[in-house]
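> 3D model of this:
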Amino acid sequence: MIGIIRVLTIDDAEILQAHGRLLEKEYGLPTLSRCIPDQPRGIYDEATEALARPKIIALAQQMAAEGCRGILISCAADPALDEVRAEVPVPVVGAGSAGAAVALALGGRVGVLSITPDVPAPIARVLGDRVVAVARPQGVTNTTHLLEPGARDRAVDAARGLVQQGADVILFGCTGFVTVGVAPRIRAELGVPVVDPVLAAGLILRYATDTNPALPRDPLNPQRSVR
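Now for the predicted structure:
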């Protein structure tokens, strides 16, 4: 079972489980999704990231103690990634660095579709000058804005702008774009690969948990073998 930490407070069960359903569908990974408390707008600047860090660490410790074989911090800023890795005995992957690693592997020039004016730091560290531009949809300054009417259209428009600036790969710089499921539309309308950071992190966690003989077999997925 993979523990998925959502870095905003979510009351809607469908939204809370959205990233877990993706990993279960694509990789057959059983998941457990939980969210941090008292942050209804999530992480969108240094102050909100600082506020979230101890909550993420506590949640990861709880999930590992409950038997999760891996932890996914589902945020492109990879908040508290190093601290969580130091605190729990299972693989921990951040969506930002995982997405950037997959984008790097795909090659080409990367456009980052984000909710902030800057490229998230983990993505910038991995991709360096491979990033040709960053853009955010009009009117979007935090992840909950992506749930508003018309936000998907504006996300596609922003991605189009990235392609016009030379990007031939689009990387989501916020996992909120995964929640609203806009990747298929961008691929169809713009004809470029779109890197989903949640799926990228799931891919790495599948590899990490399958190839680590020190981890116990997953009781929810006992047929999975350690390679």
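> after the helix or strand I170 falls within, next one along is what?
Assigned by DSSP states H and E, I170 falls within strand 169-172. Sequence-wise, the next helix or strand downstream of strand 169-172 (DSSP H and E) is helix 176-179.
> the strands in the chain, which residues?
Using DSSP state E, the strands of the chain run over 2-6, 31-35, 70-74, 92-94, 110-113, 131-135, 169-172, 194-195.
> need these in TSV with mean pLDDT, can you?
Output for the strands of the chain, formatted as TSV (pLDDT from 0 to 100):
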stretch	mean pLDDT
strand 2-6	97
strand 31-35	97
strand 70-74	97
strand 92-94	98
strand 110-113	98
strand 131-135	98
strand 169-172	98
strand 194-195	97
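> Export these to CSV and append columns for mean neighbour count and distance to L23.
Any C-beta I mention is one placed from the backbone N, CA and C, and that applies to glycine too. Shown next, in CSV, are the strands of the chain (neighbours: other CB atoms under 10 Å; distance: least, CB to CB, whole Å):
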stretch, mean neighbour count, distance to L23
strand 2-6, 28, 6
strand 31-35, 20, 5
strand 70-74, 29, 8
strand 92-94, 27, 11
strand 110-113, 29, 21
strand 131-135, 20, 26
strand 169-172, 28, 16
strand 194-195, 22, 15
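> Those: which one's closest to L147?
Closest of the strands of the chain to L147 is strand 2-6, at 13.4 Å (criterion: CB to CB).
> Also compute the angle for the closest one relative to strand 31-35, please.
Angle, strand 2-6 to strand 31-35, by axes from the mean of the first three to the mean of the last three CA atoms, to 10 degrees: 20 degrees.
> so what strands line up beside strand 2-6?
According to DSSP bridges, strand 2-6 forms sheet pairs with strand 31-35 (parallel), strand 70-74 (parallel).
> what does the last one contact?
Residues lying outside strand 70-74 but in contact with it, judged by CB atoms under 8 Å, 6 or more residues apart in numbering, are 2-7, 19, 23, 56, 60, 63-64, 79-81, 84, 88, 90-95, 175, 198, 201-202, 205, 208-209.
> try the first one
The contact list for strand 31-35, computed with CB under 8 Å, 6+ apart, reads 1-10, 16-17, 19-21, 23-24, 59, 62-63, 66, 68.
> can we see that at 10 Å?
By CB atoms under 10 Å, 6 or more residues apart in numbering, the surrounding residues in contact with strand 31-35 are 1-11, 13, 15-24, 42, 55, 59-60, 62-63, 66-68, 70-72, 74, 202, 205, 220.
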